[in-house]
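# what follows is a predicted structure for the sequence shown.
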Amino acid sequence: DNVSIVVPPLISSTIVQVINMPLIRTTIMMQNPQAKHTTVLSMGKYLYQTRGIGGLWHGLSAGIFKTVPKYVTAVCVKDWMDEVLAPVDEGNRAAVLVRSAKKSVIAGLAGAILTNPLDVIRNTMFRTDKTLSGTVRHLYHETGFAFLHRGLAKNLVAVSLPISVTIFLTDAFIRFSTNQNSPPSSQSAQHSTKA
């Protein structure tokens, strides 16, 4: 059962990371105040011309190490919260939404906190063009273990918010589609037991 929970987000987030990597790479490179290229296309051309096609995917290893655990962590924490939180009356829409929001927020925060160091590593890889291991050595030499929490406050908003919203909306969509696909007799039975 744990495999069926972990594998789908692991595969899908890896595929998305590979596809999005050139866009992520170029937009982060453009954030450098000294960058001479101000559009995604011009930055992409520059990276291709100076570093080859592989330059567009530089940092992919750190990106996968960051993104995949973030979503897997969030999904696992959401499922754990589903077991830990007290059940609510399914007929009480507000209680169901509050319970779903609690799961989503905690899952988003866990994903952001646990993967923050990987964000730092990936962004530093983009800036320095070092390998993954070279970047970790560079960061440790520069700040010791302090790099593990560098930028955490911003990450709590930038990372946990989208994860939380995604999980909350997915939960709501599943609940809505389950209710829509229920046979009429079971829906009327639900309504009669809720009354």
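Received the coordinates, thanks.
# hmm, Ser13 and Val72 touching each other?
Yes - Val72 is within contact range of Ser13, at 7.5 Å (criterion: CB atoms under 8 Å). C-beta here means a position set from N, CA and C on the backbone, and glycine is covered the same way.
# any stretches of this protein with poor pLDDT?
1-6, 9, 180-195 (pLDDT under 70).
# so where do the strands sit in this structure?
Secondary structure of the chain (DSSP state E): no strands located.
# for it, which segments count as helices?
For the chain, the helices defined by DSSP state H cover 2-30, 40-51, 60-84, 93-128, 132-143, 152-158, 160-181, 184-194.
# mean neighbour count added to these, as a markdown table?
Putting the helices of the chain into a markdown table (neighbours: other CB atoms under 10 Å) gives the following:
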| stretch | mean neighbour count |
| --- | --- |
| helix 2-30 | 15 |
| helix 40-51 | 15 |
| helix 60-84 | 19 |
| helix 93-128 | 20 |
| helix 132-143 | 15 |
| helix 152-158 | 13 |
| helix 160-181 | 15 |
| helix 184-194 | 10 |
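# residues contacting Ala101?
Ala101 sits next to Phe168 when contact means CB atoms under 8 Å, 6 or more residues apart in numbering.
# when you give positions from now on, start the count at 26
New numbering, starting at 26: the last item is Ala126.
# relative to Phe90, how far out is it?
29 Å (CB to CB, to the nearest Å).
# and the spatially closest residue to Lys127 that is not a sequence neighbour, how many neighbours does it have?
Nearest residue to Lys127, sequence neighbours excluded (CB to CB, 6 or more residues apart in numbering): Leu110, at 6.3 Å. Neighbours of Leu110 under the rule other CB atoms under 10 Å: 14.
# was I right about Leu110 contacting Arg124?
Yes - the pair Leu110 and Arg124 passes the contact test of CB under 8 Å, sitting 5.7 Å apart.
# that older thread, tell me how far the residue nearest to Lys127 lies from Ala120.
Counting by CB to CB, the gap from Leu110 to Ala120 is 11 Å.
# swap in Leu35?
To Ala120, Leu35 is 32 Å away according to CB to CB.
# likewise for Thr203?
17 Å.
# again with Gln42
Taking CB to CB, one finds Gln42 at 36 Å from Ala120.
# which other residues reach stretch 164-182?
134, 137-138, 141-142, 144-146, 149.
# end-to-end on it?
End-to-end distance for stretch 164-182: 23 Å, by CA to CA, to the nearest Å.
# same check, this time on stretch 74-92
Rule used - CA to CA; the end-to-end distance of stretch 74-92 is 27 Å.
# cool, and stretch 54-74?
15 Å.
# how many neighbouring residues does Gly77 have?
Using other CB under 10 Å, Gly77 is surrounded by 10 other residues.
# list phi and psi for it.
Reported as degrees, to the nearest 10, the phi and psi values for Gly77 are phi 80, psi -180.
# how close does it get to Ala137?
33 Å.
# what do you get for Val190?
With CB to CB as the criterion, Val190 and Ala137 are 13 Å apart.
# again, but for Ile53
Ile53 sits 18 Å away from Ala137, going by CB to CB.
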